[in-house]
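>>> sequence first, predicted model second:
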Amino acid sequence: MSDKQFKHKLYVKKNKEVSFTADTLAKIETVISHYPEGQQKSALIPVLQIAQEELGGSLNVDSMDYVAGLLHITPIEVYEVATFYSQFYLEPVGKYVIEVCQTGPCAICGGEDIMHYLEEKLHIKVGETTEDNLFSLKGVECLGACGSAPVMQVNTEFYEFLNIEKIDEIIATLRNTSELTKPESLSWKERLS
Ligand code: FES
């Protein structure tokens, strides 16, 4: 561990049991190095993304405090960002986090029906995770693709122009494969069909 990493550890409050692997710390150091000296706070979002991945998909208070220590900022600055962005999960989630847009344009185009259908299909309510820990269901605000409404995001993949048939296909694919489908590989004509 480098001196810099050791110094980071000194900022972490005592009795916190979070620590990252050397690989993860190296990744974080690389991210921080992209920002000017003294501006490491700017690396907060990518560092939280790395932390969430390292910690199995969600953040807790100890891990956010740890990130604060790594960036030499106060814990409240980390909490503010982690609680603002829907990409950060403050409770354990399933392997696939389904985020359905609930904002006006998507709602008008069937987003609410999509959400209700997913609740029925997965036997969970919004905010819950299936018993097999495969799916978590969330409602989120505008995902920035209103022209393709209704839309949802599953982990880092985007699904547009949703309807019941597409939902069935997506869920079946996710249940049967270890990898997400890549809707980007479809042409606009195929997406609209
Ligand atoms: S309203 Fe759903 S993506 Fe903008």
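Structure's in. What do you need?
>>> number of residues surrounding the residue nearest to L71 when sequence neighbours are not counted?
In space, and not counting its chain neighbours, L71 is closest to Q40: 4.9 Å by CB to CB, 6 or more residues apart in numbering. Any C-beta I mention is one placed from the backbone N, CA and C, and that applies to glycine too. Neighbours of Q40 under the rule other CB atoms under 10 Å: 19.
>>> how about stretch 69-83: buried residues?
G69, L70, L71, I73, P75, V78, Y79, V81, A82 (16 or more other CB atoms under 10 Å).
>>> any idea how far the most centrally placed residue in the chain is from the ligand?
Central residue of the chain (CA atoms, centre = their mean): Q87, 3.3 Å from the mean position. Using CB to the nearest ligand atom, to the nearest Å, Q87 is found at 15 Å from the ligand.
>>> which residues touch that residue?
Contacts for Q87 (CB atoms under 8 Å, 6 or more residues apart in numbering) come out as Q49.
>>> the protein against the ligand: which residues are in contact?
C101, T103, G104, P105, C106, C142, L143, G144, A145, C146, A149, V151 (CB under 6 Å from any ligand atom).
>>> so can I have TSV of those residues showing pLDDT, secondary structure and neighbour count?
Listed next are these as TSV, based on pLDDT from 0 to 100; DSSP: H, G, I helix; E, B strand; the rest coil; neighbours: other CB atoms under 10 Å:
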residue	pLDDT	secondary structure	neighbour count
C101	97	strand	27
T103	97	coil	17
G104	95	helix	13
P105	96	helix	16
C106	97	helix	26
C142	95	coil	14
L143	94	coil	21
G144	94	coil	11
A145	94	coil	18
C146	95	helix	16
A149	96	coil	22
V151	97	coil	25
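>>> out of those residues, which is nearest to E128?
C101 (18.4 Å; CB to CB).
>>> what's the closest one in contact with, if anything?
G111, V140, E141, C142, L143, A145, A149, P150, V151, M152.
>>> any stretches of the chain with poor pLDDT?
Where the chain drops to pLDDT under 70, the residues are 1-17, 178-193.
>>> quick one, helices of it?
3-11, 22-33, 44-54, 61-71, 75-84, 104-106, 112-122, 164-176, 188-192 (DSSP state H).
>>> just those: most buried one?
helix 61-71 (a mean of 22; mean count of other CB atoms under 10 Å).
>>> now for it, which elements pack on it?
When contacts are defined as 3 or more CB pairs under 8 Å, 6 or more residues apart in numbering; DSSP states H and E, helix 61-71 packs onto helix 3-11, helix 22-33, helix 44-54, helix 75-84.
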